[in-house]
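K.L.:
Kindly generate the corresponding structure for this input.
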Amino acid sequence: MIRTVGILGGGQLARMLAQAGQPMGLNFIFLDPAKDACAAELGEHIHADWNDENALTELGQAADVVTFDFENVPEQAASLIESLCPVYPPPRALYASQDRLREKTLMQELGIPVAPFHPVASRPDLLAAVGQIGLPCVLKTRRLGYDGKGQMVLRLQEDMERAWQILGGHELICEGFVPFDAECSIIAARSNERQTVYWPLTRNLHREGILAISTAPAFTPQLQDRAQTLIHRLMEHLAYTGVMALELFIQDGRLLANEFAPRVHNSGHWTIDAAATSQFENHLRAICSLPLGDAACTSQALMFNLLGQMPAVDDEQSLAGVRWHDYHKTSRTGRKIGHVTVTANSGAGLKAKSAQLAKQLGVSAEVNLAAVLG
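P.N.:
Modelled structure (predicted):
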């Protein structure tokens, strides 16, 4: 029986995993280079770099199973620990997701629709990519980009040189620009026994590359079925265990895949308050060989990401169906430091409460609720 879960990473996702796992009787060990890892207060913290073999060995020997809370954990670190104890999701999922070219190539091979793409390693490659894909397009680093970092939209021929000056020191990929109608994500959990559950397809709104709002349920059963088919294909190919998120664009009724995350995902935080089983509990159930819980919605939900610093919440707490989540992180401009979830039994109720909360948070002018709620 699994008692101790090791987590590579000690950020807010690791923290929420531990919060879900403690009522299940699980103990947690986090390995993270940050001294102030926000998950550390919920378990043992091994303060070490990702390439510290002694620390990795300590984690692998102390834990019954190991997982990770972000996809840029070095694959070598996960593979070393895998020689000592089970690691889920499998390191091959890390390998596929850590490089955008590998990721897009894999999805294309599996018949998952993606925008056109072209590898870029030189100025001639960039010229060839733009000639093949056309403008506008997006130039991205192949590794380590997140929350809109490491990418530039090219709209004019003159943009190419500036983009090359900024990004040219990295391995790159050029992708077709998708004039999407909506952004969404499908989150699923798969167990070792191949039991799979899917949360409702979630509508997402980003601001400056960072997720601002997620709401669910938000789409037709037809789109839900198509999204489930795509993520199922990916999970089966990777012999996956755990929670995965597949980010998608909707364009003219079609689904185009953007990227997948082999972990619990920001757009699924609403599941803590508005699903029969949260993504965090089901991730732990999957990696601990326990039956998966029901992923159905218990109410309609909308989540706001909170960036920079937590707001004063005394007045807002009077709103029924509003739940605050503080990650206990040091305030910093643009940093994810918490989220707030609004729940309601009807679309009209959700819209009214969300608009009221947005106004109180001071984001009503910045975030267009109509884009996600209609």
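
K.L.:
where does this protein dip in pLDDT?
P.N.:
Counting by pLDDT under 70, the low-confidence segments of the chain come to 145-148, 313-318, 363-368, 370-371, 374.

K.L.:
got the domain boundaries for it?
P.N.:
4-87, 116-176, 182-373 (automatic domain parsing).

K.L.:
Mind checking those domains for the one nearest to Leu101?
P.N.:
Of all those, domain 116-176 sits nearest to Leu101, with 5.0 Å by CB to CB. All C-beta atoms are positioned from the backbone trio N, CA, C, and that covers glycine.

K.L.:
Can you give me the buried ones in stretch 212-221?
P.N.:
Using 16 or more other CB atoms under 10 Å as the test for burial, stretch 212-221 gives 212-219.

K.L.:
The stretch 251-374 of the chain: strands as residue ranges?
P.N.:
Assigned by DSSP state E, counting those that start in this stretch, the stretch 251-374 of the chain shows strands spanning 254-261, 300-307, 322-326, 336-344.

K.L.:
And the last one, what does it pack against?
P.N.:
Secondary-structure packing of strand 336-344 (3 or more CB pairs under 8 Å, 6 or more residues apart in numbering; DSSP states H and E): helix 271-274, strand 300-307, strand 322-326, helix 347-361.

K.L.:
mind putting these in CSV, distance to Pro179 and mean neighbour count included?
P.N.:
Shown next, in CSV, are the helices and strands packed on strand 336-344 (distance: least, CB to CB, whole Å; neighbours: other CB atoms under 10 Å):
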stretch, distance to Pro179, mean neighbour count
helix 271-274, 30, 24
strand 300-307, 24, 24
strand 322-326, 33, 17
helix 347-361, 26, 17
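
K.L.:
Would you mind measuring from Phe177 to Gln151?
P.N.:
Distance of Phe177 to Gln151, computed by CB to CB, to the nearest Å: 11 Å.

K.L.:
Pull up the overlap in contacts between the two.
P.N.:
Residues touching both Phe177 and Gln151 by CB atoms under 8 Å, 6 or more residues apart in numbering: Val138.

K.L.:
chain center to stretch 292-300, what's the gap?
P.N.:
19 Å (CA atoms, centre = their mean, to the nearest Å).

K.L.:
With stretch 141-156 instead?
P.N.:
For stretch 141-156, the distance to the chain centre is 17 Å (CA atoms, centre = their mean).

K.L.:
correct me, but Asn305 touches Ile213?
P.N.:
Yes. With contact defined as CB atoms under 8 Å, Asn305 and Ile213 form a contacting pair (7.5 Å).

K.L.:
of all the strands of the stretch 251-374 of the chain, which lies closest to Gln22?
P.N.:
Nearest to Gln22 among those is strand 322-326; the distance by CB to CB comes to 15.5 Å.

K.L.:
Just want the most central residue of the chain.
P.N.:
The centroid of the chain falls nearest to His265 when counting by CA atoms, centre = their mean (3.1 Å).

K.L.:
Quick one: residues contacting it.
P.N.:
Residues in contact with His265 (CB under 8 Å, 6+ apart) are 185, 187, 243, 245, 279.

K.L.:
one more time with 7 Å, if that's ok
P.N.:
Neighbour list for His265: 185, 187, 245 [criterion: CB atoms under 7 Å, 6 or more residues apart in numbering].

K.L.:
how near is it to Ile133?
P.N.:
Remark: distance between His265 and Ile133 (CB to CB) = 28 Å.

K.L.:
picking that back up, including distance to Ala37, could the helices and strands packed on strand 336-344 go into a markdown table?
P.N.:
Putting those into a markdown table (distance: least, CB to CB, whole Å) gives the following:
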| stretch | distance to Ala37 |
| --- | --- |
| helix 271-274 | 20 |
| strand 300-307 | 19 |
| strand 322-326 | 15 |
| helix 347-361 | 27 |
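
K.L.:
Perfect, I'm done here.
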